[in-house]
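Peer 1: After the sequence you'll find the predicted model.
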Amino acid sequence: MFVNKLHKRAILADGYSSISVYGTLNLSIIMGDTATSIKAFVVKELCADCILGMDFINKYKLIINTEEKIVSLYNNYKPRLINNIRIPPKQTKSIPVSIELLSANVIFRPSFKLQQRTSLLILNSSLKVHNCTSNISLYNPTNYS
């Protein structure tokens, strides 16, 4: 890694605290299927391994779950039904879907529009995508299919 030497102070998010910056370097970051590079400041002491700036967080629409210590990307990959389906009344079915991801663990959140267009109950869920396919659970709360 090549560090471009630079001596300056950077102000932290609280607007008062500052840290000494010794240089910058281009850092390659891979998050799932997304690869990017950013210019990172090199500092001598830091209270954490890394601090992500708001520009980076907003650019990649990061979702930060502090309780589980997980940083994830917001991507609008839309799952598509592989086959036509019929769900009997008052039953839940696991439905195969295709997703434009080769392999990943993702959080599925059905859109408000989708929930308004169907009487099916579709919950947020964690999906394991393998070879562009996964399964979504759908529940038919009605008395008809």
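Peer 2: That came through, no problem. Numbering: from 1, shown residues only.

Peer 1: Need the residues that contact stretch 45-64.
Peer 2: 12-13, 19, 31, 34, 36, 38, 70-75, 107 (C-beta atoms under 8 Å, 6 or more residues apart in numbering). (Glycine included, C-beta is placed from N, CA and C.)

Peer 1: Would you mind checking those for buried ones?
Peer 2: Neighbour-count burial (16 or more other C-beta atoms under 10 Å) is assigned, among the contacts of stretch 45-64, to 19, 38, 72, 75.

Peer 1: Surely the third one touches residue 107?
Peer 2: It refers to residue 72. Yes: here residue 72 reaches residue 107: they are 6.9 Å apart, a contact under C-beta atoms under 8 Å.

Peer 1: In the chain, which residue is most central in space?
Peer 2: With distances taken as C-alpha atoms, centre = their mean, residue 73 lies nearest the centre of the chain, 2.4 Å away.

Peer 1: Contact partners for that one?
Peer 2: Residue 73 neighbours (C-beta under 8 Å, 6+ apart): 31-32, 34, 60-63.

Peer 1: Mind doing that once more with 10 Å?
Peer 2: 31-34, 60-63, 104, 106 (C-beta atoms under 10 Å, 6 or more residues apart in numbering).

Peer 1: Repeat that for residue 136.
Peer 2: Contact partners of residue 136, counting by C-beta under 10 Å, 6+ apart, are 79, 81, 93-97, 99, 108, 110, 122-123, 125, 127.

Peer 1: hang on, the earlier thing: save the buried ones among the contacts of stretch 45-64 as TSV, and put in distance to residue 26 and pLDDT too.
Peer 2: Shown next, in TSV, are the buried ones among the contacts of stretch 45-64 (distance: C-beta to C-beta, whole Å; pLDDT from 0 to 100):
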residue	distance to residue 26	pLDDT
19	20	89
38	7	84
72	24	79
75	24	75
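
Peer 1: could I get those as a markdown table with secondary structure and distance to residue 45?
Peer 2: Formatted as a markdown table, these follow (DSSP: H, G, I helix; E, B strand; the rest coil; distance: C-beta to C-beta, whole Å):
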| residue | secondary structure | distance to residue 45 |
| --- | --- | --- |
| 19 | strand | 8 |
| 38 | strand | 21 |
| 72 | strand | 29 |
| 75 | coil | 35 |
